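# got a sequence here, can you model it:
(2 chains)
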Amino acid sequence: QQQVKQSPQSLIVQKGGISIINCAYENTAFDYFPWYQQFPGKGPALLIAIRPDVSEKKEGRFTISFNKSAKQFSLHIMDSQPGDSATYFCAALQGGTYKYIFGTGTRLKVLA
Amino acid sequence: GAGVSQSPSNKVTEKGKDVELRCDPISGHTALYWYRQSLGQGLEFLIYFQGNSAPDKSGLPSDRFSAERTGGSVSTLTIQRTQQEDSAVYLCASSPILGGNTGELFFGEGSRLTVL
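Numbering: from 1, shown residues only, chains lettered A, B, ... in the order given. Modelled structure (predicted):
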């Protein structure tokens, strides 16, 4: 079964703190790992993505850490802001395929 | 340019009725997906269209669900004899195909279906 397990289900962080969301997968054929951000009433939008040939990718306050041997990857949001409050989904894609497998989502709330 | 457009944004129906949900993808995107988002369930893949290839219907939960894509553009998801468990947000996404690989998914805002 191709699954991506995501945790935690919900997360509350103080403004300025670090938000960390974790995902784990089983299928070693996955070779593309995006994170999507979804605000209430909107569709998910691509936030940042990584391929397994690197262990970390940073874009502004958002960083993906990737551990290929453990088959885990995580999203770190530095200096979290109330505007980051949203639902975050990790996903995985196997090369040459089209079917993204999504995690169950993490609802993040950043307190002002 | 315009993003993925979905209609209706909200639909309330009675159990047993049929519903149609429409998706207008980004122009030039050959790949089109339907996902279902239920509370706490993440994004559940329903169906995928790519160009003129046969669609992948492997995610459709029952034969009450069907979808078509006309002219390689607009898609309609039809749910027959709706049940309360069909209540969810139905998301459509389109994607370009780059070098034979699926690109970023661009989602619409979804159609929220409530079955009474």
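# which residue comes closest to the most centrally placed residue in chain B once chain neighbours are left out?
Taking Cα atoms, centre = their mean as the criterion, B:Trp34 is the residue nearest the geometric centre of chain B, at 2.9 Å. In this structure, B:Trp34 finds its nearest non-sequential neighbour in B:Leu46, 4.2 Å apart by Cβ to Cβ, 6 or more residues apart in numbering or on different chains. Using the backbone N, CA and C atoms, a C-beta is placed for each residue, glycine as well.
# tally of neighbours for that neighbour?
When neighbours are defined as other Cβ atoms under 10 Å in any protein chain shown, B:Leu46 has 21 of them.
# thinking again about what came up before, which residues touch the residue nearest to the centre of chain B?
B:Trp34 makes contacts with B:Cys23, B:Leu46, B:Ile47, B:Tyr48, B:Ala67, B:Ser75, B:Leu77, B:Tyr90, B:Leu91, B:Cys92, as judged by Cβ atoms under 8 Å, 6 or more residues apart in numbering or on different chains.
# now do the SS call for it.
Assigned by DSSP: H, G, I helix; E, B strand; the rest coil, the conformation of B:Trp34 is strand.
# who does it bridge with?
Note on B:Trp34: beta-bridge partners B:Ile47, B:Cys92, judged by DSSP bridges.
# what about it, distance to B:Val89?
B:Trp34 sits 11 Å away from B:Val89 when distances are taken as Cβ to Cβ, to the nearest Å.
# just the buried positions in stretch B:19-35, please.
B:19, B:21, B:23-26, B:29-35 (16 or more other Cβ atoms under 10 Å in any protein chain shown).
# the closest residue to chain B within chain A and B:Ala88, how far apart?
Minimum separation of chain A from chain B (Cβ to the nearest Cβ) falls at A:Gly43, amounting to 3.0 Å. Computed as Cβ to Cβ, the A:Gly43 to B:Ala88 distance reads 14 Å.
# can you tell me the helix or strand for B:Glu68?
Assigned by DSSP states H and E, B:Glu68 belongs to strand B:65-69.
# flag every residue of chain B that's near chain A.
Residues of chain B found near chain A, taking Cβ under 8 Å from any Cβ of the partner chain as the criterion, are B:4, B:31, B:33, B:35, B:40-43, B:45, B:48, B:50, B:56, B:91, B:93, B:95, B:100-102, B:104-110.
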